[in-house]
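sequence-free structure coming up:
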């Protein structure tokens with residue numbers, strides 16, 4: 001893959017956003033950040049395409065996580081979403097449109113980078 005991929009990180013925790021930004025930027029990705037749903041939606045609707053979204057389902061939002069992901073999917077169909085959260089046995093995020101993988105917060109950051117690389121490879125291998 002010969003182009004730079006743009007990753008949008010939407011997490012309620014500024015420190016998590018900055019950690020992921022630093023690590024993924026160091027791995028060669030363009031990275032933008034959002035701390036709440038309006039900022040997230042604005043960036044997804046922007047003219048610059050987002051290639052992958054890392055989403056904390058506890059992001060401050062006026063919408064439920066199901067409604068937020070459905071809106072994101074309607075704005076940018078085909079956008080792969082990586083759910084990045086603490087374990088929740090009560091909700092299966094992988095049933096939502098566009099969710100490619102669920103990652104547990106607190107995992108080794110190298111596993112997160114590996115998962116992001118795999119998702120991009122799987123979604124954009126024909127580019």
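Here it is on my side, so go on. What you see is a predicted model; the values in this text were computed from it and never measured. Residues are numbered from 1 along each chain as shown.

pLDDT on the helix or strand residue 21 falls within, on average?
Following DSSP states H and E, one finds residue 21 within helix 14-26. For helix 14-26, the mean per-residue pLDDT is 96.

for that helix, buried residues please.
17, 20, 21, 23, 24 (16 or more other CB atoms under 10 Å). Where you see a C-beta, it was placed from the backbone N, CA and C, and this is true even at glycine.

and the top helix by length along the chain with helix 14-26, angle?
Of all the elements of type helix in the chain, the one with the most residues (DSSP state H) is helix 109-124. Interaxial angle, helix 109-124 versus helix 14-26 (axes from the mean of the first three to the mean of the last three CA atoms, to 10 degrees): 60 degrees.

counting by contacts, list what helix 109-124 packs against.
Under the contact criterion of 3 or more CB pairs under 8 Å, 6 or more residues apart in numbering; DSSP states H and E, helix 109-124 touches helix 14-26, strand 52-55, strand 81-85, strand 99-104.

that one relative to strand 81-85, how many degrees between them?
Using the same axes, to 10 degrees: helix 109-124 against strand 81-85 is 160 degrees.

give me the distance from helix 109-124 to the chain's centre.
11 Å (CA atoms, centre = their mean, to the nearest Å).

pull the residues that contact it.
1, 5, 7, 19-20, 23-24, 27, 29, 51-52, 54, 78, 80, 82, 84, 100-101, 103 (CB atoms under 8 Å, 6 or more residues apart in numbering).

hmm, back to that, can you lay out the helices and strands packed on helix 109-124 as CSV showing distance to residue 67?
Converted to CSV, the helices and strands packed on helix 109-124 look like this (distance: least, CB to CB, whole Å):
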stretch, distance to residue 67
helix 14-26, 22
strand 52-55, 13
strand 81-85, 14
strand 99-104, 14
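
tell me which of those sits nearest to residue 92.
strand 99-104 (8.7 Å; CB to CB).

what mean pLDDT does the longest helix of the chain get?
On average, helix 109-124 scores 94.

what's the answer for stretch 91-100, then?
If you average the pLDDT values across stretch 91-100, you get 88.
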